[in-house]
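> This is the structure alone, sequence omitted:
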C-alpha cells in the first residue's frame, strides 16, 4: 500500500520528473538549484502569478538535494521540504513518498473513548533517541495499557536536539531522529500493536533560527499582531488564504502520507486571528470534510478554555476538535501534591480540592470565572454540557516538568501515597488520561529544557533562562540552572530504563497496569453513554465525583485527600470496582487509610 499527499507547493516527485513550486511574493525571480559544488545546476523557475514560481525538472529523483535561490542572491531550503538531511540551513532533499510500502492496510484506527495517551520525546525516550529505538519500547506501552502514543513535535529544528517547539520546516521530520521512512516504520509498528499514533504540531509560531520566509514571503507574517516571537503568523491579513492552506496541508500531510491517527495543536491561544471563521474553526472543518468516515482525532492546547471548539453534534460526534488538554485538572492536582503557589498555580491556591473536583466533573475549573493570576480577567466558557472524553487529564507533561528550573518530575516533589491517589483520579475518571514518558515507573531523570542554537542565540537563551528563575529565591543561585544548550542537559533528560526494573519502578508500573486494566474493564464501556459532565462534592478534603450515563448507570469516584485515616465514610450503592491499598468496606460504610480511593459503578435499576 502506498500513501501520498499531493500539495500545491514544495517538491512533488512524479514519474521521471519532479515539480518544484515556491510562493515567494517578495521575489522578482527564483531559481531552483540542484546538487552542489561542481555539479550544481541552476534552473530558472517560471512566475505563475500571485507570487508563485514553478518548474518541472526531469531527472531530479529521490534524494536529489535542492534549494531555492532568491533574486540571484540567498539560497534557502524549501519551506515545505519533506526532508532536510543536513540541517535546517542546508539543502532540502526530494522524497518519493510512494517508495515506502505500508503494511497497515487493515488499520482503521480506534475510537477516542479507547484512548490512553503516552507522550514521548523521541530524542529523550531512549538512549539512541531515534524512531527505530521507539519501536523497541512499544511492547512496554502495550503491556502497560497505553492505546495511543503522542510524539512531541518533529518538524525540523536547528541543531541536533530540541523539544520540537522551535521547528522551522513543518513538513520535514527532524533528521537527528531518522528518515521519513524510519518514522513511517514506527507508525506501521505501532498500528500492528493496536496503538494509535498522534503528533504534536505547532502552528502558532516558527522557531527563532532557520526560518527564511521573511526573506521572500514577508506576507507570511502580519505585523499588525505582535507575539512573544515577533510578528504573528498571518492568519487574518491580506493573502492569509495561502498561509492557511500551508498549515492545513501540513496537517493533511501528516494524517494521510504518514497515517497518523490524530494531531495535538500546540497553544492555539497564541494564534492571533480576528477573522471569521477563525483558523481553528476552518482548519478543523476542512480536516473533518477531507477525512469523512475515518476516525481522526484533533486535540487542542488552549489556555483560554474555549468550550465552543469542543461541541458535539446530535450523534455525539465532535464538530471541530475532539478534545482539549485539561490544564485545570493538572494545576489543581499539582497544588494539592506539591503545595506550590507560584505563577498560574495561584489560581488554584484557594480551594484546590474543589477546583480539582469541578475540573474532573465538568471539564474546566474556570468557566468564565475571574482569574487572580490574570488580574481578575474572566477565563473560560461553560463546559459542563460536554462529555468527559472532550478533556485530556494528566498529572504531568513535558511543560510542567521542563518549565521548572531543574526539570523535576512530580514523583520527586510529592508524597508517594498522595501521588498514587491523584494518579488514580486521572486514570480512572472518564476523561482521557495522558501519561508523560517515564512517569509509570517514577523515572528518576529530570526533563530539562534543552536546545541547540547557534552561538549568539544560544547565549541569549541561556541568559534569559537564568534571568527568568533568578526572581525565585527557592531556586538559589540562578547560575546553577542547567544550560539549555549544553549537550549534558539533553543527556541528563534521557530516560534511564533501569528505573523501570527497580523495586520502586516495578511497584509503580504494577499500579498503573492495575488502574488502566480497571479503566478498560469498567470505565471505557460507559464512555459512549456519558454524554455530559457530572456532579461533585467536597467535605473536608473528601472528594466525591459522580458521572451519569444515559441508561441510568452512575460512575462514582471517592477520594480522601486529607492525609489521615478516617472511618465511617458513606459509599454509594453499587459494585466497588477499584479500591486503593488501605481501603476496607462493610456494606455502605468504609474505612480509608491515608489518601484512599474507591471507584464504584452503580448500575441502573
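The structure has been received and is ready for your questions. Keep in mind the model is a prediction, meaning the values are calculated, not measured. Residues are numbered from 1 along each chain as shown.
> isn't residue 461 right up against residue 485?
Yes. Between residue 461 and residue 485 there is a contact at 6.6 Å, judged by CB atoms under 8 Å. For the C-beta atoms, the positions are set from N, CA and C on the backbone; glycine is no exception.
> Neighbour count: those two, which is higher?
Higher neighbour count among residue 461 and residue 485: residue 485, with 21 against 18, using other CB atoms under 10 Å.
> Any idea how far stretch 45-65 is from the middle of the chain?
Centroid separation for stretch 45-65 versus its chain: 34 Å, with CA atoms, centre = their mean, to the nearest Å.
> Pull the residues that contact it.
Residues from elsewhere that reach stretch 45-65 (CB atoms under 8 Å, 6 or more residues apart in numbering): 11, 13, 16-27, 29-32, 34-36, 43-44, 66, 68, 91-96, 99, 217, 219, 239, 242.
> From those, keep the buried residues only.
11, 13, 18-24, 27, 30-32, 34, 66, 68, 91-96, 217, 219, 242 (16 or more other CB atoms under 10 Å).
> who touches both of residue 461 and residue 485?
With CB under 8 Å, 6+ apart, residue 461 and residue 485 have common neighbours 451, 453.
> quick one, phi/psi of residue 33?
Here is the backbone geometry of residue 33 (degrees, to the nearest 10): phi -110, psi 120.
> same thing with residue 297?
When read as degrees, to the nearest 10, the backbone of residue 297 gives phi -110, psi 120.
> Specify the beta-bridge partners of it.
Per DSSP bridges, the residues bridged to residue 297 are residue 262.
> taking the contacts of stretch 45-65 one by one, which sit in helices?
residue 242 (DSSP state H).
> what's near enough to touch the closest residue to residue 221 other than its chain neighbours?
Of all residues not flanking residue 221 in the chain, residue 231 sits nearest, at 4.0 Å (CB to CB, 6 or more residues apart in numbering). Neighbour list for residue 231: 221-223, 225 [criterion: CB under 8 Å, 6+ apart].
> separation between residue 231 and residue 276?
22 Å (CB to CB, to the nearest Å).
> for residue 426, same thing?
Relative to residue 276, residue 426 is positioned 36 Å away (CB to CB).
> and the two? which has more neighbours close in?
residue 426 (23 against 8).
> for that one, what are its contacts?
The neighbours of residue 426, taking CB under 8 Å, 6+ apart as the test, are 329, 333, 393-395, 433.
> By neighbour count, which of those residues wins?
Going by other CB under 10 Å, residue 333 tops the contacts of residue 426 with 30 neighbours.
> Give me the neighbour count for residue 350.
Neighbourhood size, residue 350 [other CB under 10 Å]: 11.
> what kind of secondary structure is it in?
Following DSSP: H, G, I helix; E, B strand; the rest coil, the label given to residue 350 is coil.
> pLDDT score assigned to it?
For residue 350, the pLDDT comes out at 94.
> got it, and residue 228?
Per-residue pLDDT puts residue 228 at 83.
> Distance of it relative to residue 461?
According to CB to CB, residue 228 and residue 461 sit 13 Å apart.
> now do residue 107
From residue 107 across to residue 461, the span is 40 Å (CB to CB).
> Repeat that for residue 538.
43 Å.
> How about the least confident helix or strand in the chain by mean pLDDT, which residues are buried there?
Lowest mean confidence among the helices and strands of the chain (mean pLDDT, DSSP states H and E): helix 455-470, at a mean of 78. For helix 455-470, the neighbour count (16+ other CB under 10 Å) marks 457-458, 461-462, 465-466, 469 as buried.
> Stretch 574-593 now?
Buried-residue list, stretch 574-593, by 16+ other CB under 10 Å: 576-580, 583, 590, 592.
> Give the next helix or strand downstream of the host helix or strand of residue 509.
Under the criterion of DSSP states H and E, residue 509 resides in helix 503-518. Counting by DSSP H and E, the next helix or strand C-terminal to helix 503-518 is helix 524-527.
> Quick one: mean pLDDT for that next one?
Helix 524-527 shows a mean pLDDT of 98.
> Could you list the buried residues of that helix?
In terms of neighbour count (16+ other CB under 10 Å), helix 524-527 has its buried residues at 524, 526-527.
> next one: stretch 403-414
Neighbour-count burial for stretch 403-414, counted by 16+ other CB under 10 Å, picks out 404-405, 407-411, 413-414.
> same thing with stretch 242-256?
Those would be 242-244, 246-256, for stretch 242-256 by 16+ other CB under 10 Å.
> any idea how far residue 532 is from residue 547?
9 Å.
> Give me the more crowded residue out of the two.
Set side by side, residue 532 and residue 547 show more neighbours around residue 547, with 27 against 17, by other CB under 10 Å.
> Please look at the more buried one and residue 531 and confirm they touch.
No. Look at residue 547 against residue 531 with CB under 8 Å: they stay out of range, at 9.9 Å.
> ok, which stretches of the stretch 301-450 of the chain are helices?
Using DSSP state H, counting those that start in this stretch, the helices assigned to the stretch 301-450 of the chain run over residues 327-338, 352-362, 398-402, 416-428.
> So what's the gap between the longest one and the chain middle?
What that stands for is helix 416-428. Remark: helix 416-428 is offset 22 Å from the chain centroid, using CA atoms, centre = their mean.
> Quick check: buried residues in it?
For helix 416-428, burial by neighbour count (16+ other CB under 10 Å) applies to 417-428.
> same deal with stretch 590-605?
By neighbour count with 16+ other CB under 10 Å, stretch 590-605 contains the buried residues 590, 592, 594-602.
> Would you check which pair of the residues you listed lies furthest apart?
Farthest-apart pair in the buried residues of stretch 590-605 is 594 and 602; separation 25.9 Å (CB to CB).
> Now residue 120: closest residue in space that isn't a chain neighbour?
residue 437 is the one closest to residue 120 (CB to CB, 6+ apart), at 5.1 Å.
> residues near that neighbour, how many?
23.
> Great, nothing more from me.
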